[in-house]
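Visitor: Sequence and predicted structure below; questions after.
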Amino acid sequence: MSEYVDLHSHSTASDGTFAPAYVVRLAKESGVAALALTDHDTIAGLPEASDAAKEVGIEFLNGIEISCEVPKPATLHMLGYGVDIDSKPLRELTNQLMAGRDDRNPRIIKKLNELGVSITMSEVEQEAGGDVVGRPHIAAVMIRKGYVSSIKQAFDKYLATGAAAYFDRDRPDPKRGIELIRQAGGLPVLAHPVQLRTENDAQLERIVKDLADLGLAGVEVIHSDHDAALVEKYSRLAERFGLLKTGGSDFHGTNKKDIRLGVANGRRIPGEFYEAIRAKLAAK
Ligand code: AMP
Ligand code: ZN
Ligand code: FE
Ligand code: FE
């Protein structure tokens, strides 16, 4: 396949601003040959996206992005490709993750109210549209009501880890994330390794090796947060541990204004990445 693909995208099912079918249509218009929808903590958008992909004639891959528990200040997101949306353990996990959000979000709102930011849970839910209500939705309401001027300001001042209205939520550890994706017939892939914020290469290698021992199948080497040097570094790492290389833009619609489908930091994601995932899924 000489074409390019996009294996990391978000819709209104989580914190993207466009409906799943619309993300697919945009992908088609952007010349993307294969798309994976990888909403945070949910598979709710996959049937709609998959149908739309058939309609417009592009390849589609089921996906999910699960936020895993790791020591601060690291962030570890696990992508799952080719997951079966009827998998019971996966459904149980997504329900649990939703419950964790339902527990956390009202606490954030209460704290914001105490800090003089008058927004309500129902405004935030309306903003979210879907079941996955996240901090970007809270930020959007804060912008709309004039309390902050940007998503960045909302996070820096209130919502980021350790900021004034920050509350954590329950997350599965990486081992459980990997196991559940495997149980659902999918391939677990470490998203944007740059967000691990490792101090040196030895630490990064140790983490990837440990994850590989637990069943990790791939590393997202191309991503909007990765410059050329990082793409090179993560590619070598993936090759060294015999892992798949994947890539995506992490498109969120207008929630991340400078990110377009099919482009990650000025780079295209080769079709071979998609073909390799398909081949691995078929061999299972
Ligand atoms: P949540 O799902 O509620 O935990 O929120 C996570 C989402 O917030 C992810 O989509 C991130 O892209 C976004 N996010 C996390 N930290 C920041 C930040 N400092 N600035 C802007 N967006 C952020
Ligand atoms: Zn997101
Ligand atoms: Fe992520
Ligand atoms: Fe993402």
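Guide: Looks like it came in fine. Not measured: the values here are computed from a predicted model. Ligands and ions are numbered 1, 2, ... in the order given.

Visitor: contacts and neighbour counts: CA atoms only from here.
Guide: Noted.

Visitor: Strands of the stretch 51-200 of the chain, residue ranges please.
Guide: Counting by DSSP state E, counting those that start in this stretch, the stretch 51-200 of the chain has strands at residues 59-68, 76-81, 187-190.

Visitor: how far does the helix or strand just after the shortest one sit from the chain's center?
Guide: With elements assigned by DSSP states H and E, the helix or strand that comes after strand 187-190 is helix 201-214. Relative to the mean C-alpha coordinate of its chain, helix 201-214 is positioned 20 Å out (C-alpha atoms, centre = their mean, to the nearest Å).

Visitor: Ligand 1 contacts on the stretch 101-250 of the chain?
Guide: Within the stretch 101-250 of the chain, the positions lying close to ligand 1 (C-alpha under 6 Å from any ligand atom) are 134-136, 151-152, 155, 160.

Visitor: quick one: buried residues of the longest helix seen in the chain?
Guide: In the chain, with assignment by DSSP state H, the single longest helix is helix 88-114. Under the neighbour-count criterion of 16 or more other C-alpha atoms under 10 Å, helix 88-114 has 90-91, 93-94, 96-98, 101-102, 104-105, 107-112 buried.

Visitor: what's the answer for stretch 157-173, then?
Guide: Buried residues in stretch 157-173, defined by neighbour count with 16+ other C-alpha under 10 Å: 158-160, 164-167, 170-172.

Visitor: just stretch 250-270 next, same as before
Guide: If you call a residue buried by 16+ other C-alpha under 10 Å, then stretch 250-270 has these buried ones: 250-253, 255, 259-265, 267-270.

Visitor: Report the two of those separated the most.
Guide: Pairwise distances among the buried residues of stretch 250-270 were taken by C-alpha to C-alpha; the largest, 25.1 Å, belongs to Asn255 and Pro270.

Visitor: now the helices for the stretch 1-150 of the chain?
Guide: Under the criterion DSSP state H, counting those that start in this stretch, helices of the stretch 1-150 of the chain are mapped to 20-29, 46-56, 88-114, 121-128, 135-144.

Visitor: would you list the ones you listed in a markdown table and tack on mean pLDDT?
Guide: Rendered in a markdown table, the data for the helices of the stretch 1-150 of the chain read as follows (pLDDT from 0 to 100):
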| stretch | mean pLDDT |
| --- | --- |
| helix 20-29 | 98 |
| helix 46-56 | 98 |
| helix 88-114 | 96 |
| helix 121-128 | 96 |
| helix 135-144 | 96 |
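
Visitor: Among the residues of the stretch 101-250 of the chain next to ligand 1, which pair sits farthest apart?
Guide: Of all the pairs that those form, the one spanning the most space (C-alpha to C-alpha) is Gly134 and Lys152, at 14.5 Å.

Visitor: more neighbours, the two?
Guide: Neighbour comparison, Gly134 and Lys152: the larger count goes to Gly134, with 20 against 14 (by other C-alpha atoms under 10 Å).

Visitor: which residue packs closest to the more buried one, ignoring adjacent ones?
Guide: With sequence-adjacent residues excluded and distances taken as C-alpha to C-alpha, 6 or more residues apart in numbering, Gly134 is closest to Asp15, at 6.6 Å.

Visitor: And that neighbour, how close does it get to Gly253?
Guide: With distances taken as C-alpha to C-alpha, to the nearest Å, Asp15 is found 9 Å from Gly253.

Visitor: can you list the strands of the stretch 51-200 of the chain in TSV and add distance to Ala217?
Guide: Formatted as TSV, the entries for the strands of the stretch 51-200 of the chain read as follows, by distance: least, C-alpha to C-alpha, whole Å:
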stretch	distance to Ala217
strand 59-68	14
strand 76-81	9
strand 187-190	5
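
Visitor: Spit out the contact partners of the residue of the stretch 51-200 of the chain found nearest ligand 1.
Guide: Per C-alpha to the nearest ligand atom, the residue of the stretch 51-200 of the chain with the smallest distance to ligand 1 is Gly134, at 3.3 Å. Contact criterion C-alpha atoms under 8 Å, 6 or more residues apart in numbering gives 14-15, 101, 105, 128 as the residues in contact with Gly134.
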